[in-house]
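Colleague: What follows is a predicted protein model with its sequence.
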Amino acid sequence: MYAVIFEEHGRLDVLVNNAGGQFPQSAIDFSKNGWDAVVNNNLNGSWYMMQHVARQWRDRKQQGSIVNIVAVVTRGMSGGAHTCAARAGVIHLSKTVAVEWAEYNIRVNCVAPGVIFSEGMRAYSPEALSEFDKSNPMKRFGTPWDIAQACVYLGGPSGSFITGEVLTLDGGGQLWGDLWMQGRPDYFR
């Protein structure tokens, strides 16, 4: 993929790692395949995309910016232990390579969305959805547009002196309290 991009366009300015997936479930009930699927997609997938583009930028002596979409994992997430483990790995991987790759003019940052009203919300019951908008002091869902704008900010010239950081977009949710409803089994489909 990168060979085609660089051949056709001569450069790639920003990589946004937004692929991911998980399913809400109590951690005690994860199967090995379920755990591996989430960790392979969310952590390993992000790593391979980062490493391959960084090599292209280094070898071509081009600067670049990587923005990894993670999650708000600072206090864990009941029903999401697999994604918390993977996303915490991406966060600390990003911080580590931000230092290592700075000499190549490669910046690496993360965007940590809170509750965003997107197609991923289909995994939750109507009861959970009715509670999610109470998860932050702004008392609303974030939007995909909010996340896109954060990526533009970090990936573009506006973020030219930012690397190794996590920009949290959760409407103040980290200040508000836990998403207690996620730990209730009736909220998992």
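Modeller: Noted; the coordinates are in hand. Residues are numbered from 1 along each chain as shown.

Colleague: C-alpha coordinates for the worst-scoring helix or strand of the chain on mean pLDDT, CSV please?
Modeller: Least confident helix or strand of the chain, by mean pLDDT, DSSP states H and E, is helix 126-132 with a mean of 75. Extracted in CSV, the C-alpha atoms of helix 126-132 (Å, rounded to 0.1, in the frame of the first residue of the first chain):
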residue,chain,number,x,y,z
PRO,A,126,-30.7,1.0,24.0
GLU,A,127,-30.5,1.3,27.8
ALA,A,128,-26.8,1.9,27.7
LEU,A,129,-27.1,4.5,24.9
SER,A,130,-29.6,6.4,27.0
GLU,A,131,-27.0,6.6,29.8
PHE,A,132,-23.9,7.3,27.7
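
Colleague: elements contacting the helix or strand following it?
Modeller: Sequence-wise, the next helix or strand downstream of helix 126-132 (DSSP states H and E) is helix 144-155. Here helix 144-155 touches strand 14-17, strand 64-69, strand 106-113, strand 166-169, going by 3 or more C-beta pairs under 8 Å, 6 or more residues apart in numbering; DSSP states H and E. C-beta coordinates here come from the backbone N, C-alpha and C atoms, glycine included.

Colleague: Just the terminal-to-terminal distance for stretch 36-45.
Modeller: Using C-alpha to C-alpha, to the nearest Å, one end of stretch 36-45 lies 12 Å from the other.

Colleague: what's the average pLDDT for that stretch?
Modeller: Summarised as a single mean, pLDDT over stretch 36-45 is 96.
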